[in-house]
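*Asks:* Test case, fold it:
(one chain, ligands or ions: 2)
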Amino acid sequence: MSKTEIFDVCVIGTGAGGGVMIDELTSSGFKVVALERGKMWANSEFLEHDELSSQIRKQQLWAPDFLESFRANENSKAIPGHYTSVAHGVGGGTTHWHGAAWRFRPDELKVLSTEGPLKGANLADWPFDYQELEPYYQKAEAAFGVAGNAGENPWGAPMKSPYPNPSHPYRTSSFTIAKAARKLGLDVFSTPTAINSQPYGGRAACMNAGMCGYYGCPINAKASTFAISIPRALSSGNLDLRTHSLAYEITVNAQGKAKSVLYFDSNGDTREVFAKQIVVACHSIGSAQLLKLSQSAKFPNGIANNNDMVGRNIMFHIVSMVQFEMSSPQHGALGPSGMVAIDNFHASDSSRGFIRGGAILESPATSPIVSTLGAAAARGK
Ligand SMILES: Cc1cc2nc3c(=O)[nH]c(=O)nc-3n(C[C@H](O)[C@H](O)[C@H](O)COP(=O)(O)OP(=O)(O)OC[C@H]3O[C@@H](n4cnc5c(N)ncnc54)[C@H](O)[C@@H]3O)c2cc1C
Ligand code: SF4
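*Replies:* Ligands and ions are numbered 1, 2, ... in the order given. Predicted coordinates:
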């Protein structure tokens, strides 16, 4: 397609949201152009990613040339650096995710109705309920080959069908955690994980080598839009994938309808691509940034921001980790990230003094340098 032609859809970002959207659209016959600020990976590159370069120096998946900035408050100076682990590259966060594939429970989709309103918090219900969502969970789990035991988690969302793959085998640390948890009367189950426990969907079974979460999978046993959705979309012939393409503005026509996307190509030159529909899938932070940058006479505060809500109410996925030493080898570095989980503390419990709760997961195995730094910090060294 020539540069001046109008695509059916322009999708910005090729991660979890964008990648799936691209696959669905191209398989339905739509002509799609995808803008991705990062690169197209080769699986062999994932073998070159080690703990020092990835975790400590934040290169590769974190894109060394692309700096974020951070400031403690609006009066302080922004300091450039790497602060988040948001991805760059085809597949977005699904390339280096851990693959934990939980479903929302029905009550999590209706937090305002079930818990609110709450002073100081903007609680909201999702505009659909679990019943409406469930067929899409089934579709996504089938596409990504989720491994797990349906119904094993008594606190989890109800499931009408089993997972497409059996759960992964426990490693030593999983047995240790399971034994200890059961002693405390807690319910232990296999974490539903979008990693092949057996050959599935034309992809190999996991070989349990470790270096999994935070890293790409060299054999595509870990599901990602890089491994599944984008290759399928490319083979349809309906996708024009433009990597190293950083979108910075969505333009609108006189009626206020999105018309084109302006982006920087790999040389830093400005380019424009036209489409009838534009999908913004640049993860939570990048999408808000792009919408706010897309200012015009019609939308002086950016697109979709007439209510000044874009970029507000961001929800972080808060993780607290506990690390400890055991007297016998636990082989925690083998296999995919945490194999067992406990969900007894997920629902609200008024005796705790706050709403909602959380899950406890066997941690993704920490690697030697990160573990040592963590242990040293804990000892104040
Ligand atoms: C290390 C890690 C582990 C995780 N583990 C899990 C897990 O086990 N289970 C789970 O459910 N979730 C996990 N997550 C979270 C999950 O990966 C994200 O929630 C999910 O990928 C978000 O999807 P998204 O489409 O919104 O954004 P992303 O997947 O991040 O995709 C956004 C894409 O847009 C591109 N982009 C951004 N801005 C622009 C721009 N201006 N122009 C062009 N392209 C742009 C990015 O390069 C990226 O490819 C993990 C995340 C990380 C970082
Ligand atoms: S542990 Fe399995 S899924 Fe993870 S990177 Fe290795 S082979 Fe891939």
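*Asks:* residue contacts, Thr14?
*Replies:* The contact partners of Thr14, by C-beta atoms under 8 Å, 6 or more residues apart in numbering, come to 22, 34, 36, 90-92, 225-226, 230, 241, 281. For the C-beta atoms, the positions are set from N, CA and C on the backbone; glycine is no exception.
*Asks:* between those, which is closest to ligand 2?
*Replies:* Phe226 (12.5 Å; C-beta to the nearest ligand atom).
*Asks:* Pull the number of nearby residues for the closest residue to that closest one other than its chain neighbours.
*Replies:* By the measure of C-beta to C-beta, 6 or more residues apart in numbering, the closest residue to Phe226 outside its immediate chain neighbours is Gly91, 2.6 Å from it. By the criterion of other C-beta atoms under 10 Å, Gly91 has 27 neighbours.
*Asks:* I figured Gly91 hits Ser224, correct?
*Replies:* Yes. Using C-beta atoms under 8 Å, Gly91 makes contact with Ser224 at a distance of 4.6 Å.
*Asks:* joint contacts of the two?
*Replies:* 19, 216.
*Asks:* mind listing what the residue of the stretch 251-381 of the chain found nearest ligand 2 touches?
*Replies:* Relative to ligand 2, the nearest point of the stretch 251-381 of the chain is Pro336 (4.8 Å; C-beta to the nearest ligand atom). Residues near Pro336 by C-beta under 8 Å, 6+ apart: 98-99, 168, 193, 195, 206, 208, 212-213, 222.
*Asks:* so which of those residues are also by ligand 2?
*Replies:* 195, 206, 208, 212, 222 (C-beta under 6 Å from any ligand atom).
*Asks:* Check these and tell me the two furthest apart.
*Replies:* Asn208 and Lys222 (11.8 Å; C-beta to C-beta).
*Asks:* Quick check, pLDDT for the residue with the largest distance to the centre of the chain.
*Replies:* Farthest-out residue of the chain from its mean C-alpha position, per C-alpha atoms, centre = their mean: Ala254, at 35.6 Å. Turning to Ala254, the model gives it a pLDDT of 94.
*Asks:* Just want the most central residue of the chain.
*Replies:* Using C-alpha atoms, centre = their mean, the most central residue of the chain is Gly93, at 4.5 Å.
*Asks:* Local confidence estimate at it?
*Replies:* pLDDT at Gly93 comes out at 95.
*Asks:* how many neighbours does the closest residue to it other than its chain neighbours have?
*Replies:* Distances taken as C-beta to C-beta, 6+ apart put Ala87 closest to Gly93, at 4.6 Å, once the chain neighbours are dropped. Look at Ala87: counted by other C-beta under 10 Å, it has 25 neighbours.
*Asks:* Same question for Gly286.
*Replies:* Neighbour tally, Gly286, other C-beta under 10 Å: 19.
*Asks:* Of Asn208 and Lys222, which one has the most company?
*Replies:* Counted by other C-beta under 10 Å, Asn208 and Lys222 do not tie: Lys222 has more neighbours, with 30 against 16.
*Asks:* so who does the more buried one touch?
*Replies:* 97, 99, 194-196, 206, 212, 216, 336.
*Asks:* Which one of these is nearest to ligand 1?
*Replies:* Taking C-beta to the nearest ligand atom as the measure, ligand 1 sits nearest to Trp97 out of the contacts of Lys222, at 3.5 Å.
*Asks:* Pull the contacting residues for the closest one.
*Replies:* Applying C-beta under 8 Å, 6+ apart, the residues near Trp97 are 213, 222, 224.
*Asks:* Am I right that the last one is in contact with His98?
*Replies:* No. When contacts are counted by C-beta under 8 Å, Ser224 is not listed as touching His98 (11.4 Å).
*Asks:* Name the residue in those two with the higher neighbour count.
*Replies:* Legend: neighbour count by other C-beta under 10 Å for Ser224 and His98, higher for Ser224 (26 against 19).
*Asks:* So is the longest helix along the chain next to ligand 2?
*Replies:* Criterion DSSP state H: the longest helix present in the chain is helix 130-144. No. Counting by C-beta under 6 Å from any ligand atom, ligand 2 is not contacted by helix 130-144; separation bottoms out at 12.1 Å.
*Asks:* near ligand 2, which residues of this protein?
*Replies:* Going by C-beta under 6 Å from any ligand atom, the residues of the chain near ligand 2 are 195, 206-210, 212, 217, 219, 221-222, 335-336.
*Asks:* let's go with 8 Å and repeat that
*Replies:* Within the chain, the positions near ligand 2 by C-beta under 8 Å from any ligand atom are 46, 99, 195-196, 204, 206-213, 215-222, 334-337.
*Asks:* Of these, grab the buried ones for PyMOL.
*Replies:* A single PyMOL command suffices to select whichever of those are buried according to 16 or more other C-beta atoms under 10 Å:
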select buried, resi 46+99+195+196+206+208+210+211+212+213+215+216+217+218+219+220+221+222+335+336+337
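*Asks:* Return only those of the residues of the chain next to ligand 2 found close to ligand 1.
*Replies:* Within these, those near ligand 1 by C-beta under 8 Å from any ligand atom are 99, 213, 337.
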